[in-house]
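Q: Next come a sequence and a model predicted from it.
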Amino acid sequence: MFENLFKMANVIITLKIMPESPETDLDQLAEEAKSYISSFAGAGDMRMEQEPVAFGLKALKLTFVMDESKGSTEELENQISKIGGVNSVEVVDVRRAVG
């Protein structure tokens, strides 16, 4: 009766990537980050958003779905942080997908 309650689910992750400067090419940065995300979480829908921070600097927010059985995103964050032009990477939202 309760076996369905304990199955692994999908989670929706939002990563916030801060570039080193306002001159950083966010489109190029997004393409490289998406490649790492696809390798880590598998192919799937991804949403990209640019969020104004200050003085022309914009953060890149990437939202994607992954199976929660993969566990932590720490390895993915470390890979993305090594992309040229990236200042920092952090998970800003994690939600369990319903349905």
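A: Cool, the structure landed.
Q: what about residue 84, neighbour count?
A: Residues near residue 84, counting by other Cβ atoms under 10 Å, number 10. From N, CA and C alone the C-beta is placed, and that goes for glycine too.
Q: For the residue nearest to the spatial centre of the chain, which non-adjacent residue is closest in space?
A: Per Cα atoms, centre = their mean, the C-alpha nearest to the average position across the chain is that of residue 15, at 3.4 Å. Nearest residue to residue 15, sequence neighbours excluded (Cβ to Cβ, 6 or more residues apart in numbering): residue 62, at 5.0 Å.
Q: buried set for the helix or strand harbouring that neighbour?
A: Using DSSP states H and E, residue 62 sits in strand 57-67. The neighbour-count check on strand 57-67 (16 or more other Cβ atoms under 10 Å) flags 57, 58, 59, 60, 61, 62, 63, 64, 65, 66 as buried.
Q: again, but for stretch 27-43
A: Of the residues in stretch 27-43, 29, 30, 32, 33, 36, 37, 40, 41 count as buried by neighbour count, 16+ other Cβ under 10 Å.
Q: I'd like the distance between the third one and residue 40.
A: Residue 32 sits 13 Å away from residue 40 when distances are taken as Cβ to Cβ, to the nearest Å.
Q: The first one now?
A: According to Cβ to Cβ, residue 29 stands 16 Å off from residue 40.
Q: on that earlier part again, ok, the buried residues of strand 57-67 vs residue 98, which is closest?
A: Minimum distance to residue 98 across the buried residues of strand 57-67 is 12.0 Å, recorded for residue 65 (Cβ to Cβ).
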